[in-house]
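Student: Dropping the sequence and predicted coords here.
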Amino acid sequence: MTKKNIGVIMGGYTSESGISLKSGQVVCDTLDRARFEVFPIHISKEKWVAVKADGTEQEIDRSDFSLPTDNGKITFDCVFNAIHGNPGENGYIQAYLELLNIPQTACDMYQAALTYNKRDCLAVLRSYGIKTARFHYLNQGDAIDPDQIVEKVGLPCFVKANKAGSSFGVSKVYKKEDLMSAIENSFREDDEILIESFLDGTEVSVGVITYKGETTVLPVTEIVTENDFFDYEAKYQGKSQEITPARITKEELEKVSDTAKRIYNILRMKGFSRSEFIFVEGEPHFLEINTVPGLTKESILPQQAGVAGISLSELFTTAIDEALGAS
């Protein structure tokens, strides 16, 4: 059997590049070398390079996403997308690879662009009856009226970058006089921000993937953070408990699983996804969806897959097989 050439892209242009490099390396270390020739590819604003085992780098030819060699060039049968944020999660890489007719493991370009824009994603899903927090939206340069914002969303509230990873440019605001500094913090990450009402309840994360041709909801994870909310420290520096399966009622489990699967199907998703919800009076309220979730052994989606009896190797291999089958 001829091995498939798999380019594992990681890094990216945002504050989440370090986490992405870890995710991508786990994928590289896990994939079956009997089936796949694996190429770690680091993508940054400065360079796109394949990184060899000895640490040396070789530039990717961006005209056709190939790797020049002395004997011609190496082309890729499939790209495993492990880039969190821009350009891997916002549709740019998806569109580029689609134009080159190279299959990739994440969702398609439109779905990536829509879900990366939190405001637009919330607006679409609300029209389908999906419950969300109240929210207010600002573009950089807009007139800002703190009184109007507080009247609309209440206090406390969350101020977050609209098109950035879920861990950066986020503040929880308790007092109106702190609103402007939180807005300025978010504008450092993005030129659009979202201000959402605080939802007081149990937070859960739901992985939905395409697995062996079926839309599959993974066991639900409950998020219990030591910090004020599930921020960067809580996610990546051990300041939270992630309990799988979540300590919720059977009815709540059915509701949130059905809602997450419905969102996946409404948006016509592919590949991996991880949706975040908060229960308010027993009803799941949607926060956001990640289309390139963390893939380290400690990350939520791999934890959920493990509880479901799916190994990392199976999880990653199936993603490649799905992408190749759909191409």
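Tutor: Cool, the structure landed. Numbering: from 1, shown residues only.

Student: Can you tell me who the closest residue to Thr75 other than its chain neighbours pairs with across the strands?
Tutor: Nearest residue to Thr75 in three dimensions, chain neighbours excluded: Ser66, at 4.9 Å (CB to CB, 6 or more residues apart in numbering). Using the backbone N, CA and C atoms, a C-beta is placed for each residue, glycine as well. Note on Ser66: beta-bridge partners Asp61, judged by DSSP bridges.

Student: With Ile193 instead?
Tutor: Bridge pairing for Ile193 - DSSP bridges - gives Leu138, Ala161.

Student: Counting neighbours, what do you get for it?
Tutor: Residue neighbour count, defined by other CB atoms under 10 Å, stands at 28 for Ile193.

Student: just to revisit the earlier point, quick one: pLDDT of the residue nearest to Thr75?
Tutor: At Ser66 the predicted local distance difference test score is 98.

Student: That one contacts Ile60, doesn't it?
Tutor: Yes: if you go by CB atoms under 8 Å, Ser66 and Ile60 touch, sitting 7.3 Å apart.

Student: Those two: which has the busier surroundings?
Tutor: With neighbours defined as other CB under 10 Å, Ser66 and Ile60 compare such that Ile60 has more, 22 against 18.

Student: Would you mind measuring from the more buried one to Leu312?
Tutor: The spacing between Ile60 and Leu312, counted by CB to CB, to the nearest Å, is 26 Å.

Student: For the stretch 1-150 of the chain, which segments count as strands?
Tutor: In the stretch 1-150 of the chain, the strands defined using DSSP state E, counting those that start in this stretch lie at 4-11, 36-43, 48-51, 57-59, 67-69, 72-74, 78-81, 135-139.

Student: Those strands: which one's closest to Ala308?
Tutor: Ranking those by proximity to Ala308 (CB to CB) places strand 78-81 first, at 20.4 Å.

Student: Determine how far that closest one lies from the middle of the whole chain.
Tutor: Taking the mean of its C-alpha atoms, strand 78-81 sits 15 Å from the chain's own mean (CA atoms, centre = their mean, to the nearest Å).

Student: From the contact counts, what lies against it?
Tutor: For strand 78-81, the packing partners by 3 or more CB pairs under 8 Å, 6 or more residues apart in numbering; DSSP states H and E come out as strand 4-11, helix 92-99, helix 312-326.

Student: Show residues contacting it.
Tutor: If you take CB atoms under 8 Å, 6 or more residues apart in numbering as the criterion, strand 78-81 is touched by 4-9, 24, 27, 31, 65, 88, 93-94, 97, 102-106, 271, 292, 316, 319-320, 323-324, 327.

Student: so Pro284 makes contact with Lys131?
Tutor: Yes: between Pro284 and Lys131 a contact is recorded at 6.9 Å, counting by CB under 8 Å.
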